[in-house]
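Asker: Curious how this folds, go ahead:
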Amino acid sequence: MRREYTRTERLERASLRAAMHIRGLWEEKGSSHTRLLEGLLLPDDLVVAGRSRAWTRVGRREHVVLRKVVIDECHRLLAQGEDDAVIAALLRDHVRIVLITREECDRLDRRDALGLRQRMPEGWRFGDDIHARLTAAGILWDPVAPDATPLEPQRVGATL
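Answerer: A predicted model of the protein is given here:
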């Protein structure tokens, strides 16, 4: 009979699996890919943390800490000799998604405004508020219950 795992156990296991894949690619190629922080290894039911208050089921899944920022930190930690448990803890604590509207996405991304599409706010460091990008963009959001099935965003052009 198959064992039933709690959400917390599943998140721990998924984070460790992702950490092992990141390490393996880093050891073999000297890098890994941000796609390792997506659904196959880290399913949405484990990492979707909330929904924008303006959410209308049309928009995007926004990583609150950019995947590139997380992967770069994993590589830095691996270069320092950290083990998979440390990488898994980083992933568990920093890979979170909030569902936002297309307009909120534009507010984050616009270079002539915040320009936070591919970077965290100026001065942000690991250990700071992981939601700093959303806060900087004035995006108000509410957490989803950990056991709730998150609403999947409907595809809007290339914004997803």
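Asker: where's the spatially most central residue of the chain relative to Arg3, distance?
Answerer: Centre of the chain computed as the mean C-alpha position; nearest residue by CA atoms, centre = their mean is Val95, 3.2 Å away. In this structure, Val95 and Arg3 are separated by 24 Å, where distance is defined by CB to CB, to the nearest Å. Where C-beta positions appear, they are placed from N, C-alpha and C, glycine not excepted.
Asker: swap in Gly59?
Answerer: In this structure, Gly59 lies at 36 Å from Arg3, with CB to CB as the measure.
Asker: the more surrounded of those two?
Answerer: Remark: of Gly59 and Arg3, Gly59 carries more neighbours, 23 against 5, as counted by other CB atoms under 10 Å.
Asker: returning to that earlier point: the residue nearest to the centre of the chain contacts Val48, doesn't it?
Answerer: No - the pair Val95 and Val48 does not pass the contact test of CB atoms under 8 Å, sitting 10.5 Å apart.
Asker: where along this structure do the helices fall?
Answerer: Ranges of helices within the chain are 7-29, 44-47, 67-79, 84-94, 102-109, 132-136, based on DSSP state H.
Asker: Which of these sits closest to Arg53?
Answerer: The stretch from these with the least distance to Arg53 (CB to CB) is helix 102-109; that distance is 9.8 Å.
Asker: Who are the packing partners of that closest one?
Answerer: Secondary-structure packing of helix 102-109 (3 or more CB pairs under 8 Å, 6 or more residues apart in numbering; DSSP states H and E): strand 59-63.
Asker: now the strand it packs on against helix 102-109, angle please.
Answerer: Note on geometry: by axes from the mean of the first three to the mean of the last three CA atoms, to 10 degrees, strand 59-63 and helix 102-109 are set 40 degrees apart in direction.
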